[in-house]
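Undergrad: sequence and predicted structure, then a few things I'm wondering about:
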Amino acid sequence: SIADSHDANPGDGFALDSGATVLDGIVAATIYIACKDTGTPRSIHEIQDVIGNADRKNIAYYYKFLLREMKIHVPLPVPSNSISRIADKAHLSERTVRKALEILAQVGDNALLSGKNPVSLAAASLYLATIETSEYTTQLRIAIAADVSTVTVRKRCLEIIQLVKESNSQLLAKSMEKTQ
């Protein structure tokens, strides 16, 4: 088995106590992979809370180990998959969720947002949606629900606003060209 044949320590200054710790890490990493594979966004922190014994470094190590050794390819996360979960935790309405999905659709796969944490993009679009739907809430409430910082939410909001303004001005310019 993987647990029996694997003797290396995962990380610097990180010693394994027993085979049970290795198994906990592998089980948690397997659950994490399954969640990613099915499009059910869960953080390592959430998996750690469920498993209990495994720590974050251990889960992350075995996640990478399993992906590499078993040649598993998990799909990239999509921000729209996280919106519903964050909205539920922040107690936001379905109308706000729909507006957040519209905002995400508007910015699409823009290069400015590539490489950004999809959960932070979902959180930012929800915050902007709460403003547009007059369901005011704080950035802190959404940040806690999304498990990101308020600074991250604020930065992603500014980026999304910039992209929406650019796309709206391009649409306006195109419509003006057609009328002339």
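TA: Thanks, I have the structure now.
Undergrad: and residue 148, helix, strand or coil?
TA: Secondary structure state of residue 148, per DSSP: H, G, I helix; E, B strand; the rest coil, is coil.
Undergrad: next up, the contacts around it.
TA: 117, 119, 120, 123 (CB atoms under 8 Å, 6 or more residues apart in numbering). Quick note: C-beta positions are derived from backbone N, CA and C, even for glycine.
Undergrad: cool, residue 89 as well?
TA: 144, 145, 146.
Undergrad: ditto for residue 29
TA: Counted by CB under 8 Å, 6+ apart, residue 29 has contacts 59, 60, 61, 62, 63, 65, 66.
Undergrad: torsion angles phi and psi at residue 73?
TA: Main-chain torsions, residue 73, degrees, to the nearest 10: phi -120, psi 110.
Undergrad: how many residues are close by it?
TA: Using other CB atoms under 10 Å, residue 73 has 6 neighbouring residues.
Undergrad: let me know the pLDDT of it.
TA: With respect to pLDDT, residue 73 scores 86.
Undergrad: what's the burial count for residue 112?
TA: Residue 112 sits with 12 neighbouring residues when counted by other CB under 10 Å.
Undergrad: isn't it up against residue 163?
TA: Yes. Residue 112 lies in contact with residue 163 (CB atoms under 8 Å); the separation is 6.2 Å.
Undergrad: and stretch 23-31, C-alpha only, in CSV?
TA: C-alpha atoms of stretch 23-31 as CSV (Å, rounded to 0.1, in the frame of the first residue of the first chain):
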residue,chain,number,x,y,z
LEU,A,23,-3.4,7.1,6.5
ASP,A,24,-5.3,10.1,7.8
GLY,A,25,-3.3,12.3,5.3
ILE,A,26,-4.0,9.9,2.4
VAL,A,27,-7.7,9.6,3.3
ALA,A,28,-8.1,13.4,3.6
ALA,A,29,-6.2,14.0,0.3
THR,A,30,-8.4,11.4,-1.4
ILE,A,31,-11.5,13.2,-0.2
